[in-house]
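Participant: Build me a structure from this.
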Amino acid sequence: MVGVGFDPTASAQPPTMHLGDYRIEIIPDTEFSLDGGAMFGVVPRVVWERICPPDEKNRIRLNMNCVFIDTGKEKVLIETGIGEKWDAKHIEMYGIRRKRAFAESLRAITGGGPEDIDIVINTHLHFDHAGGNTIGTPCGGTPATRSRVETEPLAGGTPAFRPQFPNARYLVSRSEFDHAQKPHERDRASYLSENWEPVQNSGQLELMPDNYEPIPGLKLQTVRGHSETMQTWRLDRGGKTMYGFADLIPTLHHISLPWIMGYDLYPTETLEFKKRVIPQAIKEEWHCLLYHDHDRPIGQLKERDGQTRLAEYVTD
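Facilitator: Below you'll find the predicted structure:
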């Protein structure tokens, strides 16, 4: 498969989509990198490196493709990316190559800024999905020196971190929030309290059921696989469906059934999810959002020559 080159600062963006009366935009956060072995689990490197070449540290290029929905009454943002609160050590560790702030991308693509967002939705609270929930600098106004940084006020009472979206309700499932407080040993490093505590302190955090509908047509569902409490989302409007797999199918390369991340706590359940949902996505012609794909964030799954592929971007 040949991908479409995609740079978050380039003029060419995934096209504006409309599902009925809803306007949809993809907001890429920033390029970053994770270990290819961890991303592809039991798939040998000699197989995955042919289509996803790693760098000298065995890392592959990824992005975070957040979704903006304008209903005409409310502006909704699904996921907030990796955030901008990282120190030099972790910028290097995760290969973060930020070219512009998320707020700048949001404004350039949607015409509005963080202050215009009414609802923020996190499918889960891993740092690469909820890192942009908050902004700011650590105590003393200097770059953070560790991954879990202090959040006490700076001199003068200014919080070290504050919600990036000052007028938004932040929605996350109660089950995921509880898990974030006491994470599994295998995913503990993915939970950083500065990504939700300032939102909780500001009174903007709302804990939701395992399955809920924040706006008409948008449904969040908890699906066990990547973790026990992560959610996927489905938007039905105007006879069309858009589906966000979150981390169950993070890139187009993970469409293949056995290609499952080593990060998944319940990989056999991820497999069963894919076997059940991919045929439905093909049959019903869903617009599929691949949150971590660097080149092809959205498209329709098509069956061709016995293989499932991602078609080019679909416009209105």
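
Participant: Show me where the stretch 201-316 of the chain has its strands.
Facilitator: Taking DSSP state E, counting those that start in this stretch as the test, the strands found in the stretch 201-316 of the chain are 205-208, 211-215, 218-222, 231-237, 240-244, 287-289, 298-299, 301-304, 307-310.

Participant: quick one: pLDDT of the residue positioned nearest the centre of the chain?
Facilitator: The structure's the chain has its C-alpha centroid closest to His129; by CA atoms, centre = their mean the separation is 4.4 Å. According to the model's per-residue confidence, His129 sits at a pLDDT of 98.

Participant: Ignoring the adjacent residues along the chain, who's closest to it?
Facilitator: Leaving aside its sequence neighbours, His129 sits nearest to Glu79 (CB to CB, 6 or more residues apart in numbering; 4.9 Å). Yep, even glycine has a C-beta here, placed from its N, CA and C like the rest.

Participant: how near is that neighbour to Met230?
Facilitator: Using CB to CB, to the nearest Å, Glu79 is found at 12 Å from Met230.

Participant: Ok, Trp286 next?
Facilitator: From Trp286 to Met230 the distance is 19 Å (CB to CB).

Participant: neighbour-wise, which of those two wins?
Facilitator: Between Trp286 and Met230, counted using other CB atoms under 10 Å, the more crowded position is Met230 (26 against 21).

Participant: And Lys283, how far from Met17?
Facilitator: 20 Å.

Participant: ugh, wrong one, Thr270
Facilitator: Distance of Thr270 to Met17, given as CB to CB: 27 Å.

Participant: out of these two, which sits in the busier spot?
Facilitator: Neighbours were counted for Thr270 and for Met17 using other CB under 10 Å; Thr270 has more, 23 against 20.

Participant: other SSEs contacting the longest helix seen in the chain?
Facilitator: The helix spanning the most residues in the chain, taking DSSP state H as the definition, is helix 267-284. In terms of contacts (3 or more CB pairs under 8 Å, 6 or more residues apart in numbering; DSSP states H and E), helix 267-284 is packed against strand 240-244, strand 301-304.

Participant: Taking their axis directions, that helix and strand 240-244 sit at what angle?
Facilitator: Taking axes from the mean of the first three to the mean of the last three CA atoms, to 10 degrees, one finds helix 267-284 and strand 240-244 inclined to each other by 160 degrees.

Participant: Residue ranges in this structure under the pLDDT threshold?
Facilitator: Segments of the chain classed as low confidence (criterion: pLDDT under 70) are 1-12, 138-159, 312-316.

Participant: now the helices for it?
Facilitator: In chain order, the chain shows helices spanning 36-40, 45-48, 88-93, 102-110, 127-130, 174-181, 197-201, 267-284, with DSSP H as the criterion.

Participant: among those, which is nearest Asn63?
Facilitator: Smallest distance to Asn63 across the helices of the chain (CB to CB): 10.0 Å, for helix 127-130.

Participant: From the chain's centroid, how far away is the closest one?
Facilitator: Relative to the chain's own centre, helix 127-130 is displaced by 7 Å; criterion: CA atoms, centre = their mean, to the nearest Å.

Participant: Report how many residues lie close to Arg115.
Facilitator: Careful, residue 115 is Glu and not Arg. Glu115 has 11 nearby residues by other CB under 10 Å.

Participant: Could you verify my assumption that it touches Phe165?
Facilitator: Yes - Glu115 is within contact range of Phe165, at 7.5 Å (criterion: CB atoms under 8 Å).

Participant: any common contacting residues for those two?
Facilitator: In terms of CB atoms under 8 Å, 6 or more residues apart in numbering, Glu115 and Phe165 are not both contacted by any residue.

Participant: Please name the residues that touch the closest residue to Asp293 other than its chain neighbours.
Facilitator: With sequence-adjacent residues excluded and distances taken as CB to CB, 6+ apart, Asp293 is closest to Thr251, at 4.2 Å. Shown here is Thr251, whose contacts under the criterion CB under 8 Å, 6+ apart are Met39, Leu62, Leu290, His292, Asp293, His294.
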